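Visitor: My questions concern the predicted model and sequence given below.
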Amino acid sequence: MPREPRGASSPPTTPTHTTSIRVGIGYDSHRYAPRRPLTLGGVLIPSELGLEGHSDADAICHAITDAILGAASLGDIGEMFPDTDPANKNRDSVGMLEAAVRRISTAGYAVGQVDVTVIAELPRLAPHRDEIRARLATALGIDSQSVSVKGKSNEGMGWIGRKEGLACIAVATLIRKR
Ligand SMILES: [Zn+2]
């Protein structure tokens, strides 16, 4: 029987370590509170309601931090920045994200791309989206084309629908540097 030429039916070659990609997911939520700033993705958004939290309550940064740490199997944001440590009170979350990027970089990874969904009845994200993407891209060391930020309402359902708070889900890919 003639041997089949190598082509579409050939078994896929094993990817080399330089092309290996890892995926991580992160989730965060914060309660709305009056007289608190509303900071998302490092951008201060004008709003009557802010977000309650030990740090600046930046749910986008927290979810992405968990996604990139998770992709590298390097723990989570709570381990890196315990809320029992007074140094973490009102801490700038972009700084936490940058620290997580340094940690995964030391472990041999670079951030490939990030996709974020914010689930909230308020604020409207669209007017701030490009500024948030640019701010995150700088912190992550990638192009803003590689940072996606999407807003979604919860159609009035549940605690998000009652405007008790907001939630954020992030997915990140990491690329092995060496
Ligand atoms: Zn958080």
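Guide: Received it, and whenever you're ready, just let me know what you need.
Visitor: since we're on the nearest residue in space to Ile45 that is not next to it in sequence, how many residues are nearby?
Guide: Once flanking residues are discounted, Ile45 sits nearest to Leu38: 4.8 Å by CB to CB, 6 or more residues apart in numbering. Where you see a C-beta, it was placed from the backbone N, CA and C, and this is true even at glycine. The number of residues packed near Leu38 is 22, by other CB atoms under 10 Å.
Visitor: what residues are up against Leu38?
Guide: Leu38 is in contact with 44-47, 49-51, 123, counting by CB atoms under 8 Å, 6 or more residues apart in numbering.
Visitor: ok, of the residues you listed, which come out buried?
Guide: Buried by 16 or more other CB atoms under 10 Å: 45, 47, 49-51, 123, out of these.
Visitor: okay, the residues you listed in a markdown table with distance to the ion, pLDDT and secondary structure next?
Guide: Below are the buried ones among the contacts of Leu38 laid out as a markdown table (distance: CB to the ion, whole Å; pLDDT from 0 to 100; DSSP: H, G, I helix; E, B strand; the rest coil):
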| residue | distance to the ion | pLDDT | secondary structure |
| --- | --- | --- | --- |
| Ile45 | 16 | 96 | coil |
| Ser47 | 17 | 91 | coil |
| Leu49 | 16 | 92 | strand |
| Gly50 | 13 | 95 | strand |
| Leu51 | 8 | 96 | strand |
| Pro123 | 17 | 92 | coil |
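Visitor: give me the element the residue nearest the centre of the chain is part of.
Guide: In the chain, the centroid-proximal residue (CA atoms, centre = their mean) is Ile64; its distance is 1.6 Å. Using DSSP states H and E, Ile64 falls within helix 59-71.
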